[in-house]
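Enquirer: Here is a sequence together with a model predicted from it:
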Amino acid sequence: MLTQTTTRVLEPGDLGAALAILESDPVSNAFVTARVRAAGLDPWRLGGEMWGWYADGRLTSLCYSGANLVPICATPDAVRAFADRARRAGRRCSSIVGPAEPTARLWRLLEPSWGPARDVRPHQPLMVTEQPSPDIEPDPLVRRIRKDEMDVVMPACVAMFTEEVGVSPLAGDGGLLYQARVAELVGAGRAFARIEDGKVVFKAEIGAATPQACQIQGVWVAPEHRGRGLSESGMAAVLRYALADVSPVVSLYVNDYNAPARAAYRRVGFREIGAFMSVLF
């Protein structure tokens, strides 16, 4: 038992305590919870370390340190401790992302040594729903992507990622990791699209999934088809699949400056309950 305030890398034996914290906010923590439920706390399987902050011997806050740096239920004291550890280790992540308030604190402490960032998105509304809007009819042509359709869907995935993040996922390793992630979602039945004449018109994925909540990501409409309401009917279709097959609560987060997307998600049945923040390197 730890008897003072301290931070350390969690081990497989800490899994129960870590899950208790993660599941205390199943919507905000869906991404990390899904990884931990699948891989445990072994860093090799998890794809990163899970740092724990202890106050008076009790685990109270977490921080996932992998391809992303993600503060979880992090108090101000925990954020300072996580920032110290991250500063000593040096930047290994491609982004810092998480609930807006602790993420902003973390970035303020890390910016002098890690900055400048390529992009900072300080307010990304977090939206949820437990039921679809009766006003939007799901697109009957949106369906699960088959494994033999990877060549069809990958150009759309690359276009979406490049638009959203500002860099191509093909950089560095030629897109091997990104393609593997898309293939994983397709294989799990969590990638959806409307395909016409061999091209993707609309697509979205259920990225993180736990028994409590799941998160939709990668929403994209081909440029030549925008303005026709396909994002709304397409999202209604994906939402129907998600609620029926995955989790009772569906979430997503969106850039605050993307007013059309926020309005479309509200029409589909989502409501805003908080905000995320992303720092991109």
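Expert: Noted; the coordinates are in hand. Bear in mind that the values here come from a model prediction, so they are computed numbers and not experimental data.

Enquirer: which stretches of this structure have low pLDDT?
Expert: Counting by pLDDT under 70, the low-confidence segments of the chain come to 1-4.

Enquirer: swap the cut-off to 50 and go again
Expert: Along the chain, the parts satisfying pLDDT under 50 run over 2.

Enquirer: What ranges does it have for its helices?
Expert: Along the chain, counting by DSSP state H, helices occupy 15-22, 30-39, 43-46, 76-89, 100-114, 150-165, 176-187, 230-245, 259-268.

Enquirer: any chance of those helices in CSV, plus mean neighbour count and distance to Val128?
Expert: No exception for glycine: its C-beta is placed from N, CA and C like everyone else's. Compiled in CSV, those are given as follows (neighbours: other Cβ atoms under 10 Å; distance: least, Cβ to Cβ, whole Å):
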stretch, mean neighbour count, distance to Val128
helix 15-22, 17, 17
helix 30-39, 20, 10
helix 43-46, 14, 26
helix 76-89, 18, 25
helix 100-114, 18, 16
helix 150-165, 17, 20
helix 176-187, 16, 21
helix 230-245, 21, 11
helix 259-268, 17, 10
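
Enquirer: okay if I get these as a markdown table plus distance to Val201?
Expert: Output for the helices of the chain, formatted as a markdown table (distance: least, Cβ to Cβ, whole Å):
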| stretch | distance to Val201 |
| --- | --- |
| helix 15-22 | 36 |
| helix 30-39 | 27 |
| helix 43-46 | 36 |
| helix 76-89 | 41 |
| helix 100-114 | 33 |
| helix 150-165 | 9 |
| helix 176-187 | 17 |
| helix 230-245 | 6 |
| helix 259-268 | 16 |
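
Enquirer: which stretch among the ones you listed comes nearest Pro223?
Expert: Evaluated with Cβ to Cβ, the helices of the chain place helix 150-165 nearest to Pro223, the distance being 8.5 Å.

Enquirer: Counting by contacts, list what the closest one packs against.
Expert: helix 176-187, strand 191-196, strand 199-209, strand 214-221 (3 or more Cβ pairs under 8 Å, 6 or more residues apart in numbering; DSSP states H and E).

Enquirer: Please name every helix or strand in contact with the shortest one.
Expert: Just to be clear, that refers to strand 191-196. Short answer (3+ Cβ pairs under 8 Å, 6+ apart): strand 191-196 packs on strand 143-144, helix 150-165, strand 199-209, helix 230-245.

Enquirer: Show me the one of those that comes nearest Cys73.
Expert: strand 199-209 (16.5 Å).

Enquirer: strand partners of the closest one, parallel vs antiparallel please.
Expert: Taking DSSP bridges as the criterion, strand 199-209 sits next to strand 191-196 (antiparallel), strand 214-221 (antiparallel) in its sheet.

Enquirer: Name the residues that touch the last one?
Expert: What it means is strand 214-221. Here strand 214-221 makes contact (Cβ atoms under 8 Å, 6 or more residues apart in numbering) with 30-31, 156-157, 159-161, 163, 200-209, 230-231, 234-235, 238-239, 242, 246-247, 249-253, 261.
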